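Peer 1: sequence-free structure coming up:
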């Protein structure tokens, strides 16, 4: 079903603005009360995304999020983005390295009534790990 593009863009931008600014209150109007993140977060709903943002912002300072491309099709908003930050806190057992990282993400957000109800999220975790100096052997 088609959506109001202006409201959909505002809702989706709120998803990223909260990460970049740390202002979690924007999620109260951007995400539906029963928002679902895929893959699932440890805590369900908007509180799960808020907890993830808090965790990420404790590990990374000066976070910027750039929406490189946004495409709207029906009730879905696809976003290709780039995030930049400095690793200044512990992340998954890795102490702060002070390294600047850049990673890309691809997301699909389903919007209803001006709020995001589902988000399918993929980001370059392998690239993040490499930039933090983790070594892998395949």
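Peer 2: Received, thanks. Predicted model, so just to flag it, every value in this text is computed and none were measured.
Peer 1: when you work out contacts or count neighbours from here on, use the C-alpha atoms and nothing else.
Peer 2: Will do.
Peer 1: low-confidence stretches in this structure?
Peer 2: Scanning the chain for pLDDT under 70 picks out the ranges 1-2, 138.
Peer 1: the lengthiest helix in the chain packs against which elements?
Peer 2: Counting residues, the longest helix in the chain under DSSP state H turns out to be helix 5-21. For helix 5-21, the packing partners by 3 or more Cα pairs under 8 Å, 6 or more residues apart in numbering; DSSP states H and E come out as helix 27-30, helix 45-59, strand 60-73, strand 76-87, strand 115-123.
Peer 1: buried residues in the first one, which are they?
Peer 2: Which is helix 27-30. Buried residues in helix 27-30, counted by 16 or more other Cα atoms under 10 Å: 27, 30.
Peer 1: output the contacting helices and strands for the helix or strand that it is followed by.
Peer 2: Downstream of helix 27-30, the first helix or strand assigned by DSSP states H and E is strand 31-38. For strand 31-38, the elements it packs on are helix 45-59, strand 115-123, judged by 3+ Cα pairs under 8 Å, 6+ apart.
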